[in-house]
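> Provided below for reference: sequence and predicted model.
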2 protein chains.
Amino acid sequence: MYQRIGFVGVGRMGSNMARHLKIDCDYPITAIYDVHQPLAQEVAEELGATAYDSLKEVTANSDIIITVVTNDDAMRDIFFNEEDNLFWDSNGKTFINCATVSPKIHEEIYQAAIPIGACTLEGSMASSISHAREGNLYLMIGGDEGVFDANRQLLSDLSVNLRYCGGAGSAAKVKALVNMVMNMNTCALAEGLGLASALNLDLDMVCEVFSQTGANSRVLETDAEDMLARDHECWFSAEHAAKDSGIARSLAEECGLDFWMNKTAEAMYRRMTDEGLGDLDKSGVAELTFPGRHAYPEA
Amino acid sequence: MYQRIGFVGVGRMGSNMARHLKIDCDYPITAIYDVHQPLAQEVAEELGATAYDSLKEVTANSDIIITVVTNDDAMRDIFFNEEDNLFWDSNGKTFINCATVSPKIHEEIYQAAIPIGACTLEGSMASSISHAREGNLYLMIGGDEGVFDANRQLLSDLSVNLRYCGGAGSAAKVKALVNMVMNMNTCALAEGLGLASALNLDLDMVCEVFSQTGANSRVLETDAEDMLARDHECWFSAEHAAKDSGIARSLAEECGLDFWMNKTAEAMYRRMTDEGLGDLDKSGVAELTFPGRHAYPEA
């Protein structure tokens, strides 16, 4: 017997996770909330759920509440707003928080849930909207392992790759590390291809050699062609990359570490945002490194 | 009918290329030269060739001369030494130069060969000694395409992956780009895993997540385990990495480009050599980035 599922935040990721659970897996989606009420109304109608205009009603009408909000402030608001929040009368309820937010806020919510008798899990997603709709998320879980086990069926139904990362905050930390390394590798690739272009080499040949040697990387597969074609339609923005590399820098600084490469990658993405290129995809960093494009500082 | 093959420089790479051609492919290896004469003698005896103590005799007794020497100075010496060099009476001969040297020296030798009526090719190798012995080199060729075609059989017999990169110097440029990107990705990985360690995450789990996401790379496959285990037995030394990233920096500077990430990677490898870690494998850069190892500058 499936438990009742509520959704808080039904933007493109949240709404498609809800669609998948209802339409493909027949879970009862009972309660929907979004700060943008017409959106909540629309998704609720589509899925035969009720749109509530208070958070405590979502908790009252669900057993498991999946949250996908925009940032740390939004997370604090839905859990700690004194006038209306999800923790209201939430003993025995489970919250699965899938927004990309800081490890710290996940830890705060985890701690706050203990005296209430509620359970929390974080679900960090390394995936796109289509993966959400198809139940093919790459889903990293942080929190108590017992709570993870208790919700394994639901989490498996959302994901193609489900991974328990450790206690509260750890999934967000792993995601920060993934994006930190991805951003550095992207800047590295942009410099390699920029120099290949300056040297008038056959760029397709260079990409093929890279793919067969120590220069190979996932970002070579995903971004090299876009760098050559200057196709920077946004999947993961330069502004987002700058923010994520900054999160990694803060985590490192808290540990007393000064990481030169990560700071350099952050500086490159910050330069993009400073020069009005922040809305380009992260591949757009090649606009800084290819000769004759957006000028790089000269040697 | 195979042509006679000479070898100049029979260190670990050159001697194993010669062994493969003679033992596995039955090429006539006729002439051997090495600055270390006992070594030339030993390899010549093993392969039924003659060890010569002058370069012009190597040319006289071979049709194709494969050179694998240590650096630019050694290349200049074997081709331009006024008292004895390979170009002596070399009309109609072919030189295949497989040392890792600068694009510039390949171009110089290519130009010098034209009036003599000799042919030159550069063969840049991204491979190890066992690949040389087994004829499984990753071999990138620069030079005239007609000369490449004329020697395709021999080059194929040496390699598992044969790639024509363009005119003289271009294979060395592509190799410099490969190592430049590889070095940056290695430093990036070392920072990512160093932060994971500082955050007390399960490092095997982090490596597996990296391998399945945008953080994946060839160096993750080759170096991550060594970084965790502090196993820095040398395959490609930090000193070599510093030198190669410096070559890429020079190439970029000649093009008026200032690449921040590459300079940062070079600085990290230079720091290793400054602190006496230059003989470690490139994976040893993790000694700088993991907390509690060789100290990184504090934040």
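That came through, no problem.
> tell me, what residue is most central in chain A?
In chain A, the centroid-proximal residue (Cα atoms, centre = their mean) is A:Thr100; its distance is 4.3 Å.
> tell me the pLDDT at the residue of the stretch 1-150 of chain A found nearest chain B?
Residue of the stretch 1-150 of chain A nearest chain B, by Cβ to the nearest Cβ: A:Ala126 (5.0 Å). Backbone N, C-alpha and C define where each C-beta goes, glycine included. pLDDT recorded at A:Ala126 is 82.
> Next, count neighbours for it.
When counting by other Cβ atoms under 10 Å in any protein chain shown, one arrives at 22 neighbours for A:Ala126.
> I'd say it and B:Ala215 touch.
No - taking Cβ atoms under 8 Å as the definition, A:Ala126 is not a contact partner of B:Ala215, at 9.3 Å.
> Which neighbours do those two have in common?
A:Val178 (Cβ atoms under 8 Å, 6 or more residues apart in numbering or on different chains).
> Burial check on A:Asp89, number of neighbours?
So A:Asp89, with other Cβ under 10 Å, has 12 neighbours.
> Quick one: residues contacting it.
Contacts of A:Asp89 (Cβ under 8 Å, 6+ apart): A:Lys56, A:Thr59, A:Ala60.
> To which secondary structure element type does it belong?
coil (DSSP: H, G, I helix; E, B strand; the rest coil).
> Show me where the stretch 101-250 of chain A has its strands.
All strands of the stretch 101-250 of chain A, identified by DSSP state E, counting those that start in this stretch, fall at A:119-125, A:137-143, A:159-166.
> buried ones in the helix or strand encompassing A:Met75?
Taking DSSP states H and E as the criterion, A:Met75 maps to helix A:72-80. Of the residues in helix A:72-80, those buried by neighbour count under the rule 16 or more other Cβ atoms under 10 Å in any protein chain shown are A:Asp72, A:Ala74, A:Met75, A:Arg76, A:Ile78, A:Phe79.
> for stretch A:233-252, same thing?
For stretch A:233-252, by 16+ other Cβ under 10 Å, it's A:236-249, A:251-252.
> and that stretch, C-alpha only, in PDB?
Extracted C-alpha coordinates of stretch A:233-252, given in PDB (Å, rounded to 0.1, in the frame of the first residue of the first chain):
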ATOM      1  CA  GLU A 233      22.800  27.000 -25.200                       C
ATOM      2  CA  CYS A 234      22.400  26.800 -21.400                       C
ATOM      3  CA  TRP A 235      22.300  23.400 -19.700                       C
ATOM      4  CA  PHE A 236      24.400  24.400 -16.700                       C
ATOM      5  CA  SER A 237      25.100  28.100 -16.600                       C
ATOM      6  CA  ALA A 238      28.500  29.800 -16.100                       C
ATOM      7  CA  GLU A 239      26.900  31.700 -13.300                       C
ATOM      8  CA  HIS A 240      25.900  28.400 -11.700                       C
ATOM      9  CA  ALA A 241      29.400  27.100 -12.200                       C
ATOM     10  CA  ALA A 242      30.900  30.200 -10.500                       C
ATOM     11  CA  LYS A 243      28.500  29.700  -7.600                       C
ATOM     12  CA  ASP A 244      29.300  26.000  -7.200                       C
ATOM     13  CA  SER A 245      33.000  26.400  -7.400                       C
ATOM     14  CA  GLY A 246      32.600  29.100  -4.800                       C
ATOM     15  CA  ILE A 247      30.700  26.600  -2.500                       C
ATOM     16  CA  ALA A 248      33.600  24.200  -2.900                       C
ATOM     17  CA  ARG A 249      36.100  27.000  -2.100                       C
ATOM     18  CA  SER A 250      34.100  27.800   1.100                       C
ATOM     19  CA  LEU A 251      34.100  24.100   2.100                       C
ATOM     20  CA  ALA A 252      37.800  23.900   1.500                       C
END
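> so where's the stretch 1-150 of chain A shaky on pLDDT?
The model of the stretch 1-150 of chain A has pLDDT under 70 over residues A:1.
> can you give me the helices for it?
Listed in chain order, the helices of the stretch 1-150 of chain A (DSSP state H, counting those that start in this stretch) span residues A:12-19, A:37-47, A:55-60, A:72-80, A:103-116, A:129-134, A:145-150.
> With that, I have no additional questions.
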